[in-house]
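Participant: Just need the structure, nothing else, for what follows:
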Amino acid sequence: MTAIATAQSAEAPAGEAPAAKRLPGYLPVWAFILAEMLLFAVLFASYAFARVDNVEMFNLCQQTLDRNAGAINTVLLVTGSWFVVLAVQAARRDDRRAASRDIGLGFLCGAGFLAIKVFEYAAKFGAGITFSTNTFYRFYFSLTFFHFMHVILGMVVLAILWVKTRQGAYGSHDAHGLESGAAYWHMVDLLWIVLFPLVYVMR
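Facilitator: Numbers count the residues shown, from 1 in each chain. The predicted model follows:
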């Protein structure tokens, strides 16, 4: 028996096998997340194929996008995910106050993202640019608004988690619901990390 196995045997109660690693959260939530990521992958591939046929027009239209706003939104979502990670860690050590605080900060990062995106949309509409202007803007509005709605859903999830955390629903005894919500929020973050360079930056 190796030293690791010996240590594990010593930690586990007599007659019980050491606890196996588990997937954080609930399996159905992960199935939903994978389905959503597959859908976005199809949309991203569609954008890439459309761009091949209209490279000059896509490059020209990309120059009208606010990269600074997109970069700030990237920082907001990454920071929001970091706060959600801290919230899960706090809940696991039964620090309810820190967990609820960090969930709230993650929620505020999402709100900041939405506010900046609304200003971006307003600027485009103010310039007479709409969904029907051309193929590039059709993809721009479709991809970013679809993601926008996912951010809203993620914020609803965070709001519910915030309430339940303050009520003591999550802790070292059970954090599955919080882990599931965190996994969804991380998906929203990951999708934007792909969407931002694809639509705003890549030439």
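
Participant: Grab the nearest non-local neighbour of residue 150.
Facilitator: Counting by CB to CB, 6 or more residues apart in numbering, residue 150 lies nearest to residue 188, which is 5.2 Å off, once chain neighbours are set aside. Yep, even glycine has a C-beta here, placed from its N, CA and C like the rest.

Participant: And for the one you found, the neighbour number?
Facilitator: For residue 188, the neighbour count with other CB atoms under 10 Å is 24.

Participant: which residues does it contact?
Facilitator: 77, 147, 150, 151, 154 (CB atoms under 8 Å, 6 or more residues apart in numbering).

Participant: between those residues, which is closest to residue 100?
Facilitator: Set against residue 100, the nearest of the contacts of residue 188 by CB to CB is residue 154 (16.9 Å).

Participant: Quick check: buried residues in the helix or strand hosting that closest one?
Facilitator: Using DSSP states H and E, residue 154 sits within helix 135-166. Buried residues in helix 135-166, counted by 16 or more other CB atoms under 10 Å: 136-137, 139-141, 143-144, 147-148, 150-151, 154-155, 157-158, 161-162, 164-166.

Participant: after that helix comes which helix or strand?
Facilitator: helix 176-196.

Participant: chain center to that next one: distance?
Facilitator: On the basis of CA atoms, centre = their mean, to the nearest Å, helix 176-196 sits 3 Å off its chain's mean C-alpha point.

Participant: Just the CA atoms of that helix, as CSV, please.
Facilitator: Extracted C-alpha coordinates of helix 176-196, given in CSV (Å, rounded to 0.1, in the frame of the first residue of the first chain):
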residue,chain,number,x,y,z
HIS,A,176,-24.8,21.8,-4.6
GLY,A,177,-27.3,24.5,-5.5
LEU,A,178,-24.7,27.3,-5.2
GLU,A,179,-22.2,25.3,-7.2
SER,A,180,-24.7,24.8,-10.0
GLY,A,181,-25.5,28.5,-10.1
ALA,A,182,-21.8,29.3,-10.1
ALA,A,183,-21.2,26.9,-13.0
TYR,A,184,-23.8,28.6,-15.1
TRP,A,185,-22.3,32.0,-14.3
HIS,A,186,-18.9,30.8,-15.3
MET,A,187,-20.4,29.6,-18.6
VAL,A,188,-21.7,33.1,-19.3
ASP,A,189,-18.2,34.4,-18.6
LEU,A,190,-16.6,31.8,-20.9
LEU,A,191,-18.9,32.5,-23.8
TRP,A,192,-18.1,36.2,-23.7
ILE,A,193,-14.4,35.5,-23.6
VAL,A,194,-14.9,33.7,-26.9
LEU,A,195,-17.4,36.2,-28.3
PHE,A,196,-15.5,39.4,-27.6
